[in-house]
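**Student:** structure for this input, please:
(chains A and B)
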Amino acid sequence: MARTRKRGVDYSRWGYFFIAPFFIIYTVCSLIPLASTFYNSLFESYRVGLTQVGPNYVGLDNFAKIFTDSKIHVYALNTLILWICNFIPQIAVSLLLAVWFSSSSMRLKGQQFFKTVIYMPNLIMAASFAMLFFALFSDGGPVNSILLNAGLAKDPIRFLSRVDWTRTLICAMNFLMWFGNTTILLMSGIMGIDVSLFEAARIDGASPTQSFFKITMPLLLPIFAYVFITSMIGGIQMFDVPQILTNGNGSPDRTSMTLIMFLNKHLASRNFGLAGAVSVLVFTVTGALSLVLYRAMMSRYSLKGSSN
Amino acid sequence: MKRLLVALMALAVLTSSVGLFAAPKATNGGKVLTIYVWNDEFQTRFKDYFEKAGLVPKDVKVNFVVTPNQDNAYQNKLDEALLNQDKAAANDKIDIFLVEADYALKYVNTDSTLDVFKDIGITKKDTEQMYKYTMDIMTNSKGVLKGVSWQACPGGLIYRRSVAKDVLGTDDPAKVQEALGTWDKFDAAAATAKAKGYFMVSGYDDTYRIFSDNAKSPWVDKSGKIQIDASIMRWIDMTKTYTDKGYNNKASLWSPESAAGAGKDGKVFTYFGPGWFIDFCLAGWTKADSKGPDALGNGSYGDWAFCKGPQGFSWGGTWLCAAAGTDNKDLVKAVMLKLTCNKETLVSIAKQKGDFTNNAAAMAEVAKSDYKNAFLGGQNHVNFFLDSAKSIDRSNMTIYDQGMTEEIQKAFKDYFDGKVTKDKALENFYTAILEKYPNLKK
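**Tutor:** Numbering: from 1, shown residues only, chains lettered A, B, ... in the order given. Here you go, the predicted structure:
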């Protein structure tokens, strides 16, 4: 007995040691805060001046308050609009670029250069990017000077006082920041597809469009679903660009205020009860949507073909 | 391994308990003087009149913690630090913090500020020349003075001389005052200015302070209900009319557009503000070369003058508060004495910086002297302020004023821009306020 115990070192336990750091850090930095958000959402707790009010247990009052007093549906709709209008062009351009870059028949030159360049905007902080746009498109900014000098406009266009322009600018910024990242993700997905499939299709006389819809897309589905869902989560949590561009107001008339900007408004007054309730709602919606979308998309992807 | 761990833990417990029980509450001799501010206005005064006079002890380091005012950022940071004051390391403890009129009351009625007389040791005689309102604001409900200021902030109308000649036919302050002495006359002049290609005011918020300061009721009543004074509604209606008729440049206060309006090619006729606005804001905006001389010919510098305008008002003001828990009490006292009580210093600040300082004797002296403000084309504008400084009454202040001011300006910008109706703007204002101050009622 003693001999076998000495000889048979139980390596299986080491696995737990190796993954332990992640779980410890996750618990401390993510799980506990998450649970405390749920807990906080049940209390009335805020600060007025230097006086702390609460925490007083109020049950689900904070949730009720959000649905009755605030216009959360408007902010949800804003968020959706701002996400959709950058996601559609983003996925279209990224797919096109990914197919081009990975195509064995096109052999584009200078690929490395372009891949780096399109990824660049993502390296700039969203805040500085938004500040830049704020300066460029302000009433007396360079864009207006160019338009006025070129005779394209009679009076300065007040971009940030208009709903359409403000939203367009936010979408444009998000598009610029993220299409490079998406392209690279999709490209890695496409490169994971067996090249012989494309070659076979070409020999069989399939057009590029046909091979895109019949081969690339179906086999790209898992990566595509991943890109779609992570982008959606990012979209729901969007706040940095509009926050800086509109000074946290979602101006004009709160039409560019996203859910998280609304959350920030409560955090600014240290209203942890209401902020917690908003967070819980956002969390629930995000979780539910991700699950539904994942199921819906993956139901069309069959693993039968690849497992053999 | 285990033994080491136990030893470490024991050590940790030991050090923390020693830290808890043995920390002596030193009120003097701190090596760092920590001052919380939101811009460099006080910083330059501190450097020019305190540090240069050699009053900072050699072994003391002065640490300015700067957080911008906007969106209550400064207050939030300050609150956080004040609530942690007891636990903070000696060098991080706040010694002095500055407060602005818009939220001064928030700190006056707390234990975070020290009694200027009893705790700091400044005497009644030191403060006897201060304008009464500057002390009223900082006096809490028990009659304890919690802060002092180097400035008093009666405001007036600052106009561009060359435009005044074109629009009114004169740039003499007395005659301009005659021509713009009431709001009706001001409106009439605005129409003339517009016809000649000028903007009467820069934008939406420029006249706000006149109406908010003349409001008859505080922003919040005793029961916590938000009330919008008739005077504020008048600002809204006037600004809407001005915007629709093209009398203003549609700029927001503190925006680059607003600053550009005062520049060399700017078309803005008038700005409203107190002494600090002239010196600390407008003068800088007018210079074409920011590092160039403060003289006529550099942008529109020197092409300005000052008069009382259609309605007297006051705007802002900065007070020094000694933070409870400071470890530099004597130094704090020295700073307060030198920068807010010393007549010579206050005369110099007025003459060199163009500030209207918080010392009646000093101001009377400057008013009588041959002092010439270069920015105002050589005018000695202090005279205009003397009476209005004495009549300032800020008894309507609340702790919510900054939030109210920012949010009403933001909400009604959409209305002035023609994006929403007046009712919708009002609704947006209430929404934003209730987010900021959940304890209030609509």
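
**Student:** now residue 91: closest residue in space that isn't a chain neighbour?
**Tutor:** Assuming you mean chain A. A:Thr182 (6.8 Å; Cβ to Cβ, 6 or more residues apart in numbering or on different chains). Where C-beta positions appear, they are placed from N, C-alpha and C, glycine not excepted.

**Student:** actually chain B
**Tutor:** According to Cβ to Cβ, 6+ apart, the nearest residue to B:Asn91 is B:Val32 (4.2 Å).

**Student:** near chain A, which residues of chain B? Just list them.
**Tutor:** B:71-72, B:76, B:79, B:82-83, B:106-107, B:110, B:112, B:250-251, B:255-257, B:260, B:399, B:410, B:413-414, B:417, B:419-420, B:424, B:428, B:431-432, B:434-439 (Cβ under 8 Å from any Cβ of the partner chain).

**Student:** weed out the non-buried ones from those residues.
**Tutor:** B:71-72, B:76, B:79, B:82, B:106-107, B:110, B:112, B:250-251, B:255, B:257, B:260, B:399, B:410, B:413-414, B:417, B:419-420, B:428, B:431-432, B:434-439 (16 or more other Cβ atoms under 10 Å in any protein chain shown).

**Student:** what packs against the top helix by length along chain A?
**Tutor:** Looking across chain A with DSSP state H, the single longest helix is helix A:72-102. Applying 3 or more Cβ pairs under 8 Å, 6 or more residues apart in numbering or on different chains; DSSP states H and E, we find helix A:72-102 packed against helix A:111-119, helix A:163-191, helix A:217-236, helix A:259-268, helix A:272-298.

**Student:** flag every buried residue along that helix.
**Tutor:** Of the residues in helix A:72-102, A:72, A:75-76, A:78-79, A:81-83, A:85-87, A:90-91, A:93-95, A:97-99, A:101-102 count as buried by neighbour count, 16+ other Cβ under 10 Å.

**Student:** sorry, back to before: I'd like the helices and strands packed on helix A:72-102 as TSV, with distance to B:Ile278, mean pLDDT and mean neighbour count appended.
**Tutor:** Output for those, formatted as TSV (distance: least, Cβ to Cβ, whole Å; pLDDT from 0 to 100; neighbours: other Cβ atoms under 10 Å in any protein chain shown):
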stretch	distance to B:Ile278	mean pLDDT	mean neighbour count
helix A:111-119	49	87	13
helix A:163-191	35	92	19
helix A:217-236	48	90	17
helix A:259-268	32	89	21
helix A:272-298	41	90	17
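
**Student:** any idea which of those gets closest to B:Lys93?
**Tutor:** helix A:259-268 (25.6 Å; Cβ to Cβ).

**Student:** who touches the closest one?
**Tutor:** A:70, A:72, A:75-76, A:79, A:236-239, A:242-243, A:248, A:250, A:274-275, A:278-279, A:282, B:71-72, B:76, B:432, B:435-436 (Cβ atoms under 8 Å, 6 or more residues apart in numbering or on different chains).

**Student:** switch to 6 Å and redo it
**Tutor:** By Cβ atoms under 6 Å, 6 or more residues apart in numbering or on different chains, the residues outside helix A:259-268 that reach it are A:Tyr75, A:Thr79, A:Gln237, A:Phe239, A:Gln243, A:Gly250, A:Leu274, A:Ala275, A:Val278, A:Val282, B:Glu435.
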